[in-house]
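Participant: Quick one, structure for this:
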Amino acid sequence: CTSFPEEVFLVSWTMVKLGLAVTAILAASASAFAPSTVHQLSRADAASSPVVLEMANGERRKKALKILGKAAGAVGTVALATAAAPPAAFAAKKAVEVIETVEAVDNTKKLFGMGAGAVAVGAAALKISGIGGGEAKQDFLEAEPYWDQSTVPVNVYKNKAPFVGKVVSTKRIVGPQATGETCHIVIDHEGNFPYWEGQSWGVMPPGTREKDGKPHAVRLYSIASSRYGDDMTGKTGSLCVRRATYWCPELKADDPAKKGICSNFLCDTQPGAEVMMTGPAGKVMLMPEEDPSTDYIMVATGTGIAPYRGFIRRLFTENTPAGNAYKGQAWLFLGVANSDALLYDDEWQIVKENYPDNFRLDYALSREQENKKGGKMYIQDKVEEYADEVFDKLSNGAHIYFCGLKGMMPGIQDMLKGVAESKGLDYDEWLKGLKKSKQWHVEVY
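Facilitator: Numbering: from 1, shown residues only. As a prediction, this is how the structure comes out:
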């Protein structure tokens with residue numbers, strides 16, 4: 001992403017505009033609330049008013065940030081927020097939105113650093129001014145009711161008749177000191193390839209195998225976006241792909257003859273490139289959404305983060321029925337080599353700041369942290385630090401997910417076995433119960 005050299009100026013200008021808009025709205029609503037500053041009008045105070053109760057009831061702190069992507073390039077709309085104060089009759093209804101928008105301004109500085117400042121400012125302006133009838137909702141790809149999984153699409157496109165998508169963008173998303181290259185690839189499917197969070201797409205790399213001239217086999221990749229896609233239109237999906245290379249000790253260099261065919265194809269794609277795809281595949285990693293108080297424990301190594309990005313966007317970033325209803329806790333564990341290899345950290349930090357009670361985040365950095373025994377900190381070691389809490393959550397109905405390298409599984413299972421035995425429980429029977437109630441979700445390689 002590109003940073004803005006005019007950062008200080010733009011942020012200051014934005015805050016002035018927002019301040020004027022807030023002043024106008026508060027003035028119009030003085031008879032209802034009579035606050036002297038915006039900070040005196042707390043969310044709880046505003047929600048207690050009968051005028052705003054209908055709006056506030058059941059709503060959560062989505063903030064202006066949740067419509068990022070829908071407001072790209074909308075920085076100019078900030079001026080519209082100050083064009084005129086809303087009528088007094090609607091002012092009180094806007095109060096809760098104003099509070100959330102003012103809170104979101106604090107995040108604007110961070111977003112500038114990520115090249116998303118214009119998007120954030122535009123989103124804030126749209127939210128204050130009420131342009132377009134208010135905040136966009138992501139509710140047009142839902143089942144009825146939204147948690148019903150009887151209509152989940154599976155294997156709509158197969159090897160003999162694949163879907164052809166087009167690459168929108170391919171971007172490296174790790175720092176220079178990361179171990180290897182990982183890319184985020186957005187693919188346009190024009191709304192003709194629906195999927196659910198937790199499913200995978202199959203990718204058929206072009207060309208044929210050297211040994212027999214047959215087409216390359218399909219490679220499965222967990223989808224790294226919600227069903228609405230990064231742009232929230234329902235017409236794109238994203239993949240998180242690490243470029244597979246082979247270091248030859250004799251050549252003392254990467255051996256191009258042994259590189260990963262499909263991962264290198266995807267990481268090298270340019271906008272407009274065609275990608276042959278199959279699926280969507282799998283139901284193992286779906287979220288059970290019927291009970292909105294369900295806790296989710298998500299354990300990943302590297303690109304195994306992909307399905308969880310879809311989960312977290314659905315629950316916290318997008319304006320979905322599932323997100324609006326959610327009252328549980330989503331706990332993400334991610335294991336990578338070092339800080340430069342962290343994936344989507346900017347997104348997790350925003351969610352963590354906005355939803356401290358509903359989202360937890362723990363990293364295992366094997367080359368930067370030590371476990372309690374003085375060795376490298378792997379994902380199983382990090383989960384073990386919370387062994388009793390994880391065990392208790394699972395015993396109380398939480399769902400646990402594993403995605404990434406299968407090498408993490410023995411350590412985690414040994415840890416859970418130790419906790420079970422310390423509580424006088426038969427681990428095998430306990431685990432059998434989790435699997436029977438479909439609380440245990442595993443997709444490793």
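
Participant: for the stretch 251-400 of the chain, what spans make up the strands?
Facilitator: In the stretch 251-400 of the chain, the strands defined using DSSP state E, counting those that start in this stretch lie at 253-254, 274-281, 296-301, 330-336, 359-365, 399-404.

Participant: The third one - contacts with which helices or strands?
Facilitator: This points to strand 296-301. helix 306-312, strand 330-336, helix 379-384, helix 387-395, strand 399-404, helix 408-422 (3 or more Cβ pairs under 8 Å, 6 or more residues apart in numbering; DSSP states H and E). For the C-beta atoms, the positions are set from N, CA and C on the backbone; glycine is no exception.

Participant: would you put the C-alpha positions of that strand in CSV?
Facilitator: Extracted in CSV, the C-alpha atoms of strand 296-301 (Å, rounded to 0.1, in the frame of the first residue of the first chain):
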residue,chain,number,x,y,z
TYR,A,296,-14.5,-20.1,18.5
ILE,A,297,-10.9,-21.2,19.1
MET,A,298,-8.9,-20.8,15.8
VAL,A,299,-5.4,-22.3,15.6
ALA,A,300,-3.3,-21.7,12.5
THR,A,301,0.2,-21.9,11.2
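
Participant: Quickly run through the sheet partners of that strand, with directions.
Facilitator: strand 330-336 (parallel), strand 399-404 (parallel) (DSSP bridges).

Participant: quick one, what contacts residue 404?
Facilitator: 299, 300, 301, 302, 303, 304, 305, 335, 379, 444, 445 (Cβ atoms under 8 Å, 6 or more residues apart in numbering).

Participant: Now for the closest residue to it other than its chain neighbours, how many residues are close by?
Facilitator: In space, and not counting its chain neighbours, residue 404 is closest to residue 304: 2.6 Å by Cβ to Cβ, 6 or more residues apart in numbering. By other Cβ atoms under 10 Å, the residues close to residue 304 number 25.

Participant: got a list of what residue 304 touches?
Facilitator: 222, 402, 403, 404, 405, 443, 444.

Participant: Could you check which helix or strand contains the first one?
Facilitator: Per DSSP states H and E: residue 222 is located in strand 219-222.

Participant: Residues contacting that strand, please?
Facilitator: 198-203, 205, 239-241, 262-263, 266, 279, 281, 285, 303-304, 306-307, 403, 443.

Participant: Which ones among those lie within helices?
Facilitator: Among the contacts of strand 219-222, DSSP state H puts 262, 263, 266, 306, 307 in helices.

Participant: Could you verify my assumption that the second one touches residue 243?
Facilitator: Yes - look at residue 263 against residue 243 with Cβ atoms under 8 Å: they come within range, at 5.3 Å.

Participant: Looking at the two, which has the bigger crowd around it?
Facilitator: residue 263 (24 against 18).

Participant: circling back to that earlier point, give me the PyMOL select line for the contacts of residue 304, limited to the buried ones.
Facilitator: Restricted to buried positions by 16 or more other Cβ atoms under 10 Å, the PyMOL selection for the contacts of residue 304 reads:
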select buried, resi 222+402+403+404+405+443
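
Participant: Could you dump the contacts of residue 304 into a markdown table and include distance to residue 342 and pLDDT?
Facilitator: Formatted as a markdown table, the contacts of residue 304 follow (distance: Cβ to Cβ, whole Å; pLDDT from 0 to 100):
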| residue | distance to residue 342 | pLDDT |
| --- | --- | --- |
| 222 | 18 | 97 |
| 402 | 19 | 96 |
| 403 | 16 | 96 |
| 404 | 14 | 93 |
| 405 | 16 | 89 |
| 443 | 21 | 95 |
| 444 | 20 | 92 |
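
Participant: count of residues packed around residue 424?
Facilitator: When neighbours are counted by other Cβ under 10 Å, residue 424 comes out with 6.

Participant: What's the per-residue pLDDT of residue 415 here?
Facilitator: Residue 415 carries a pLDDT value of 89.

Participant: Look up how far residue 337 lies from residue 369.
Facilitator: 11 Å (Cβ to Cβ, to the nearest Å).

Participant: Counting neighbours around each, name which of these two comes out higher.
Facilitator: residue 337 (20 against 14).

Participant: pLDDT score assigned to residue 147?
Facilitator: 96.

Participant: need the contact list for it.
Facilitator: 288, 289, 290, 322.

Participant: quick one: it is in a strand?
Facilitator: No - under DSSP: H, G, I helix; E, B strand; the rest coil, residue 147 sits outside any strand and is assigned coil.

Participant: So residue 430 lies in a strand, does it not?
Facilitator: No - assessed with three-state DSSP, residue 430 is helix; it does not lie in a strand.

Participant: what about it, how many residues close to it?
Facilitator: 18.

Participant: Please give me every residue in contact with the closest residue to it other than its chain neighbours.
Facilitator: Excluding the flanking residues, the one nearest residue 430 by Cβ to Cβ, 6+ apart is residue 420, at 5.2 Å. Contact partners of residue 420, counting by Cβ under 8 Å, 6+ apart, are 391, 426, 427, 430.

Participant: Can you check these and name whichever has the most neighbours?
Facilitator: residue 391 (20 neighbours).

Participant: Pretty sure that residue sits against residue 418.
Facilitator: No - between residue 391 and residue 418 there is no contact under Cβ under 8 Å: 9.5 Å.

Participant: gap between the nearest residue to residue 235 once chain neighbours are set aside and residue 140?
Facilitator: What sits nearest to residue 235 in space, not counting adjacent residues and going by Cβ to Cβ, 6+ apart, is residue 191, at 4.5 Å. Using Cβ to Cβ, residue 191 is found at 10 Å from residue 140.
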